[in-house]
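K.L.:
the sequence and its predicted three-dimensional model are supplied below.
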Amino acid sequence: MDCSDREVRAFRYWIQGYQNFYEPIIGEYFQSSGYRVLAHPAIVGVVDIQLVVNTLFDGAKRVGDELDEKALREQLKDRKRLQPDFLLERDGRLILAELKSWGGFNRSGQFDLSVLRSEFLQKLKHGAFLLVDPINGQPIAGMLLVVSSRSPEHDQARTTLRRAYRTDVELLHLDEILRTPELAGIIDRQLQYLDVAVAELKQAFTGSGAR
């Protein structure tokens, strides 16, 4: 097979980060970690979005110097809804969670400062959910962002994200979650789906089954 190790690794991360492959695993992880899944996905309606816009406009909500506040308001003002992946509850606290793997985005799978700047400081739509509080009148106590894998710049990336959006956000890493022993059953099921899909692709493309 004429592919470099980096290309193979990037393709692996792309498959691993495919929504229908890893979202069920993450949902199971949340439940096994003591969270209650209230909604998947979570729907943030126009009233709560407008509240963010208003508080940005009147200064009740501030963002860090890394973000363009005016551009954020423009990004949000005509949105009818935001759709973070999960609304969770634990110990009476509501938490919004978003899953952003990007597969082989940077061919390492790592969520480093370069990916952070590109996807959360320049493309404001990805970070808009971090500004939400409350949702349906109930306060959001924190945010979880699931990214691909841990980089050496993890602490810097988390600090930058918190400073930019002025919110309590934790970074979780997909490759670490996938090593959770309690997830072995659902991971095996998802891998079986993958095996069957690959066999069907081989049949469709070459006229032969998996070997």
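P.N.:
Received it, and whenever you're ready, just let me know what you need.

K.L.:
list the contacts for the spatially most central residue of the chain?
P.N.:
The centroid of the chain falls nearest to residue 99 when counting by CA atoms, centre = their mean (1.8 Å). Residues counted as contacts of residue 99 (CB atoms under 8 Å, 6 or more residues apart in numbering) are 19, 22, 23, 26, 85, 86, 146, 174. C-beta here means a position set from N, CA and C on the backbone, and glycine is covered the same way.

K.L.:
select from these the one having the most neighbours.
P.N.:
Using other CB atoms under 10 Å as the neighbour criterion, residue 146 leads these with 25 neighbours.

K.L.:
quick one, helices of this structure?
P.N.:
5-16, 19-32, 46-58, 69-77, 113-116, 154-165, 174-177, 184-206 (DSSP state H).

K.L.:
what's the farthest-apart pair in the contacts of residue 99?
P.N.:
Across those, no pair lies farther apart than 86 and 174, at 14.2 Å, counting by CB to CB.

K.L.:
could you find the closest non-adjacent residue to residue 77?
P.N.:
residue 53 (5.3 Å; CB to CB, 6 or more residues apart in numbering).

K.L.:
flag the shaky bits of this structure, pLDDT-wise.
P.N.:
Within the chain, the segments meeting pLDDT under 70 span 1, 102-108, 208-211.

K.L.:
same thing but 50
P.N.:
Applying pLDDT under 50 to the chain flags residues 210-211.

K.L.:
who's in contact with residue 190?
P.N.:
So residue 190 contacts 21, 22, 24, 25 (CB under 8 Å, 6+ apart).

K.L.:
swap that for residue 71, please
P.N.:
residue 124.
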